[in-house]
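**Student:** Got a sequence here, can you build the structure:
(2 chains)
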Amino acid sequence: MRGSPILRLVLVAGALILLALPVWQLTRQTPAPILAKPAAVAEDLADYRVILKSSGTARLQAMVANQTTASSASGVENFEAVFSMSANEPEDIAVFADFVDRTRPSALRVMVEKGGEVLVEKTFWGTGVVEDVLTIPTK
Amino acid sequence: MLEGGEFAAVKILFFLMAMLGGVSLACGAAPIRVASLSTVMADLARDIGGERVEVVEIVKPGMDPHIFEPAPGDLTTISNAQILLASGLGFEGYLDRLRPSLKRSGVVLVVGGEVVEPIEGACEGHDHSEDHHHHGTSDPHWWQSVSNVQLVARQIRDALIATDPEGQGTYEKNAAALEARLEDLGKWVRLQIVQLPKKNRVLVTSHDALGYFAKDYGFEILPVQGISTSDQPSSQKVRDLIGRIQERGVKAIFAESIENPKVLGQITAETGAKLGGVIYADGLGSGETGTYEGMMRHNVTTIVEALK
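**Tutor:** From the prediction side, this is the model:
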């Protein structure tokens, strides 16, 4: 049977659209799911006191990511700094001692306290310059 | 007591022996032949062995060791070696097939993975029946931890001493110097990583090869692929990964030296994270990354700069 050309065109176009629909559904670009961001949680902060003691006169420093580096004058043997950090997951602390006498083995004792409780204590050794990283254990 | 003539003869004999010894030292004994399936272990062996060893790299920098298969020429090189170095922990899927011929040829096999404490590795999306994809459930990329490399350096030192006892002094001296440099490297890495706040310590990489690094320095790993470069992520996994990258606000993701970073490029387009640079996960590169220390310094600098 030979129908109207327009009708045939409509039928063929309809059939093609029906065939193409599932392919389009599978291949179309879908926007990435937008995940609801968790409501900003007020971070629980605490003060951590970092106490540095050197075996000889030196310039002492303590550094925490994204905070101002705390530095002593040169020629001291004791230095303290306080950093405000997460109470649950505090940052690591970099410590540094540049000794006046650069020829002898030297030591840097570091202690970290929170609320009067000693969290960690460690001694680092070197000659001239002593630098290392202290990790505060989390409970 | 020796008579005058006998004494003179003994002196001449000693003189000749001393001359022969001198000639032998001047000519140099043949170097210990070391073949390596690991670019990292080859570098360690060169450092420790110095001029007493000749190291032939079967797996060369830039090759993908996950899909490497030794050619017949490589097998000849291996059987002519005195020591073969391998990473182990399933990294060389063909290693078990080599063992009988190594035994026949008297080649000492040194497997780095046997002296480190393995960690679990992610393992998904690939067929374990394929020989070159085979690996265990342990993460074989132990060299991403400096302390593991110190253990393996000692293992290589001991293997060289066992094979060439005359070189013990050289091997011990070179190994001690290497150990000191690795100590310094470990400290340098700690001092770099401390600049990154802990919330920024998320590593999105092509495949799950930085598990030991993550364990040492408190990173979370979000790999696109599994533990092997031949693992393929499902579209669902990629969608989940994109969601996690957005949720964590990850600043940068990293491509690896031996791969096409195209998939990572697609992820950056959808998440807004930048491509942080190329890191060396499966072994050494060339130029500044041609040594273990160079590779680690490059990787750490790339990571810290991108995630700060």
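**Student:** So what's the gap between stretch A:72-83 and the chain middle?
**Tutor:** Stretch A:72-83 sits 25 Å away from the centroid of its parent chain (C-alpha atoms, centre = their mean, to the nearest Å).
**Student:** need the strands for chain A, in chain order.
**Tutor:** A:45-63, A:70-71, A:76-86, A:93-99, A:105-114, A:117-127, A:129-134 (DSSP state E).
**Student:** Please disregard the earlier target; I meant chain B.
**Tutor:** In chain B, the segments counted as strands under DSSP E are B:32-36, B:53-57, B:83-86, B:108-111, B:202-205, B:220-223, B:252-256, B:274-279.
**Student:** Take the ones you listed and lay them out in a markdown table including mean pLDDT, distance to chain A and mean neighbour count.
**Tutor:** Heads up, the C-betas are built off the backbone N, CA and C, glycines and all. Formatted as a markdown table, the strands of chain B follow (pLDDT from 0 to 100; distance: least, C-beta to the nearest C-beta, whole Å; neighbours: other C-beta atoms under 10 Å in any protein chain shown):
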| stretch | mean pLDDT | distance to chain A | mean neighbour count |
| --- | --- | --- | --- |
| strand B:32-36 | 98 | 33 | 24 |
| strand B:53-57 | 98 | 32 | 20 |
| strand B:83-86 | 98 | 32 | 26 |
| strand B:108-111 | 98 | 31 | 20 |
| strand B:202-205 | 91 | 14 | 24 |
| strand B:220-223 | 89 | 12 | 18 |
| strand B:252-256 | 87 | 15 | 22 |
| strand B:274-279 | 90 | 17 | 18 |
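**Student:** Could you dump those into JSON lines with distance to residue A:51 added?
**Tutor:** Below are the strands of chain B laid out as JSON lines (distance: least, C-beta to C-beta, whole Å):
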{"stretch": "strand B:32-36", "distance to residue A:51": "48"}
{"stretch": "strand B:53-57", "distance to residue A:51": "49"}
{"stretch": "strand B:83-86", "distance to residue A:51": "46"}
{"stretch": "strand B:108-111", "distance to residue A:51": "46"}
{"stretch": "strand B:202-205", "distance to residue A:51": "32"}
{"stretch": "strand B:220-223", "distance to residue A:51": "31"}
{"stretch": "strand B:252-256", "distance to residue A:51": "36"}
{"stretch": "strand B:274-279", "distance to residue A:51": "36"}
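**Student:** Of all these, which one is nearest residue A:121?
**Tutor:** Residue A:121 lies closest, by C-beta to C-beta, to one member of those: strand B:220-223, at 28.4 Å.
**Student:** The closest one - contacts with which helices or strands?
**Tutor:** Counting contacts by 3 or more C-beta pairs under 8 Å, 6 or more residues apart in numbering or on different chains; DSSP states H and E, strand B:220-223 packs against strand B:202-205, helix B:211-217, helix B:235-248.
**Student:** in its sheet, what does that strand sit against?
**Tutor:** According to DSSP bridges, strand B:220-223 has the following sheet partners: strand B:202-205 (parallel).
**Student:** low-scoring pLDDT stretches of the stretch 1-150 of chain B, where are they?
**Tutor:** Within the stretch 1-150 of chain B, the segments meeting pLDDT under 70 span B:1-28, B:122-136.
**Student:** can you list the residues of it near chain A?
**Tutor:** Within the stretch 1-150 of chain B, no position lies close to chain A (C-beta under 8 Å from any C-beta of the partner chain).
**Student:** Name the residue of the stretch 1-150 of chain B that lies nearest to chain A.
**Tutor:** residue B:146 (13.3 Å; C-beta to the nearest C-beta).
**Student:** so how many other residues sit close to the closest residue to residue B:168 other than its chain neighbours?
**Tutor:** Computed as C-beta to C-beta, 6 or more residues apart in numbering or on different chains, the closest residue to residue B:168 that is not its neighbour in sequence is residue B:161, at 4.9 Å. For residue B:161, the neighbour count with other C-beta atoms under 10 Å in any protein chain shown is 18.
**Student:** Let me know the pLDDT of residue B:161.
**Tutor:** On pLDDT, residue B:161 comes in at 98.
**Student:** Please list all residues in contact with it.
**Tutor:** For residue B:161, the contact set (C-beta atoms under 8 Å, 6 or more residues apart in numbering or on different chains) comprises B:167-168, B:171-172.
**Student:** now, of the helices and strands packed on strand B:220-223, which is deepest in the fold?
**Tutor:** strand B:202-205 (a mean of 24; mean count of other C-beta atoms under 10 Å in any protein chain shown).
**Student:** and the stretch 201-308 of chain B, which residues reach chain A?
**Tutor:** B:218, B:239, B:242-243, B:246-247, B:270-271.
**Student:** mind giving me CSV with those and columns for distance to residue A:96 and pLDDT?
**Tutor:** Below are these laid out as CSV (distance: C-beta to C-beta, whole Å; pLDDT from 0 to 100):
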residue, distance to residue A:96, pLDDT
B:218, 21, 93
B:239, 45, 84
B:242, 40, 90
B:243, 40, 90
B:246, 37, 91
B:247, 36, 90
B:270, 41, 89
B:271, 37, 92
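**Student:** mind listing what residue B:221 touches?
**Tutor:** Per C-beta under 8 Å, 6+ apart, neighbours of residue B:221: B:203, B:205, B:208, B:210-211, B:214.
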